[in-house]
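In: Predicted coordinates and the sequence they were generated for:
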Amino acid sequence: MALVIAGERSGVGKTTVTLTLLASLRRRDRLVQSFKVGPDYIDPMFHQHVTGRACRNLDPVLTSEAYVQQCFARHSQLSEYALVEGVMGLFDGVSSLVNSHTLREGVRVASRREAPMSFVKNKGQRTNDKGQITDFASTAHIARLLNLPVVLVIDCSRLSGSVAAIAHGYQSFDPRIKIAGVVLNRVGSDRHLSLLKDSLEPLQLPILGVLRRQDNITIPDRHLGLVPTAELPELNALIDRLADLGDTCFDWQRLLPLLKSEPLPSTDAINGVSPYSSFPVKIAVARDRAFNFYYQDNLDLLQQLGAKLVFWSPLEDAGIPKDVQGMYFGGGFPEVFAQQLAENSSARDAVKTAILKGMPTVAECGGLMYLCEQIIDFEGKSWSMAGVLPTSAVMGGRLTLGYRRAVALQDNLLVKANTTVYGHEFHRSHLTLTPTQPLFETSRYDCEENMGCEGWGLPANVHASYVHLHWGESGEIPQQFLKECLKVASLGTWI
């Protein structure tokens, strides 16, 4: 058993409620495993900061329904309690996600065993006139897949009697979803709470928590969402305040049995992969305030395949780690730290030299920006970057957002020509020049609208793209990457 924290819409306080629960559980020295529905990178950082355990993403678009179940079973059985934070409103699925500003990056490689998810019909699912599942990849979908009860978070700041209509609608909309109770958020006063309770009483729906309006609990955000944990020096004090709140605002007698994790059938292997080679391949993984968007499953897979991950900072370190045979740059906020990245010329030069010598390199979104000649920030200032790609990344007000269907136009570092991947773009930068030999031809995920060509594969040892890959059910991707790294290893240590 575990519990799903869902919202009646975006912005109702799901993350606050989730962190409050996690913080209070950790204060009680409980082992708790958290999960996040969707491709979000930043919310999981907050989960991990509180629990000390890597949060896992659950998204059948990025992986598959089977992988969601396997991932949950594998990781939840290692803790006392398990908690899943939802995305958007409870029933908002792929058709909503592709147009939402609340999601972060993410992608999956299309399995040869299945059709694209937006065109799959499942028995009992609601579909539109195109046969598409309307709540696919929603919080409700995940709750059904895992057979978990849901706690509905309701923003009560502008509600009194209408709270009952909202709760009743969500309770009755899909009989397969068990609403275990509600958490009333942003309650203004005792009188306000009394009105809410009176309205909900006929529904016999348990009130599992009441959070009053809080002026001292705020997580700052910016152009792509919440400010990541590494940039918040006062975060521990905030978590302490959340734990204080959690100790008193929840009905723990009812909640703890719902949160209790139970052993489930699982496998220790991720997608059945086995070590690619006994030779110790070392991968330099950029991880600091500028680059920190990584799916933990990707890092796990590299290690499971035999790689040793060596973390380093393009912001602080003078160069890349010694004796490595590959580099991995995740997404993040290089534009926020462009001046510091530019000033660290020795690191930039080392990256460029290694790539020009043939070092296999994966660069996702923010990593792609770092490999460009320049980043031009929101104020129009230019900052020198690694200079591997003959283009510049320009920050702007226009948001590029949505799932993409992408077909590889050529063999590249990670996938073969004609391979189809499904991805998600979420960025406010654009490139001044497009590649002459792009990696992908892209279209919208949910229709055939062409979105143009994307991605840099020259030099041939580079895979630089705005598309983020989740490798959880696509073990061939990290295997291909390590295969190229082994070629470097066979030449001996030269970095």
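Out: On my side now, so go ahead.

In: Which secondary structure elements does the helix or strand where residue 354 lies sit against?
Out: Applying DSSP states H and E as the criterion places residue 354 in helix 345-356. If contacts are counted by 3 or more CB pairs under 8 Å, 6 or more residues apart in numbering; DSSP states H and E, helix 345-356 sits against strand 326-329, helix 338-343, helix 366-371. To be clear about C-beta, it is placed using only N, CA and C from the backbone, and glycine gets the same treatment.

In: what's the most buried one of the ones you listed?
Out: Per-stretch averages of neighbours, counted by mean count of other CB atoms under 10 Å, single out helix 366-371 among these, with a mean of 28.

In: shaky segments in the stretch 151-300 of the chain?
Out: Applying pLDDT under 70 to the stretch 151-300 of the chain flags residues 215, 263-279.

In: Give me the distance between the residue nearest to residue 24 when sequence neighbours are not counted and residue 46.
Out: Closest residue to residue 24 apart from its sequence neighbours, by CB to CB, 6 or more residues apart in numbering: residue 246 at 3.0 Å. Separation of residue 246 from residue 46 (CB to CB, to the nearest Å): 14 Å.

In: so what does the helix or strand harbouring the residue nearest to residue 24 touch, helix or strand wise?
Out: For residue 246, the host element (DSSP H and E) is helix 235-249. Counting contacts by 3+ CB pairs under 8 Å, 6+ apart, the secondary-structure elements packed against helix 235-249 are helix 14-27, helix 42-51, strand 207-212.

In: Just put the ones you listed in TSV and tack on distance to residue 346 and mean neighbour count.
Out: Formatted as TSV, the helices and strands packed on helix 235-249 follow (distance: least, CB to CB, whole Å; neighbours: other CB atoms under 10 Å):
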stretch	distance to residue 346	mean neighbour count
helix 14-27	38	24
helix 42-51	28	22
strand 207-212	49	20
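
In: quick one, which of these is nearest to residue 325?
Out: Judged by CB to CB, the one of the helices and strands packed on helix 235-249 that comes nearest to residue 325 is helix 42-51, at 28.0 Å.

In: Please name every helix or strand in contact with that closest one.
Out: Contacts defined by 3+ CB pairs under 8 Å, 6+ apart place helix 42-51 against helix 14-27, strand 32-37, strand 225-226, helix 235-249.

In: per-residue pLDDT, residue 134?
Out: At residue 134, the model reports a pLDDT of 76.

In: so it makes contact with residue 92?
Out: No - assessed by CB atoms under 8 Å, residue 134 is found out of contact with residue 92, at 9.4 Å.

In: For these two, indicate the residue with more neighbours.
Out: Ranked by neighbour count (other CB atoms under 10 Å), residue 134 and residue 92 place residue 92 first, with 24 against 16.

In: residues contacting that one?
Out: By CB atoms under 8 Å, 6 or more residues apart in numbering, the contact set of residue 92 is 9, 10, 100, 135, 138, 139.

In: mind running it again at 10 Å?
Out: Going by CB atoms under 10 Å, 6 or more residues apart in numbering, residue 92 touches 6-7, 9-10, 38, 86, 100, 102, 134-135, 137-140.
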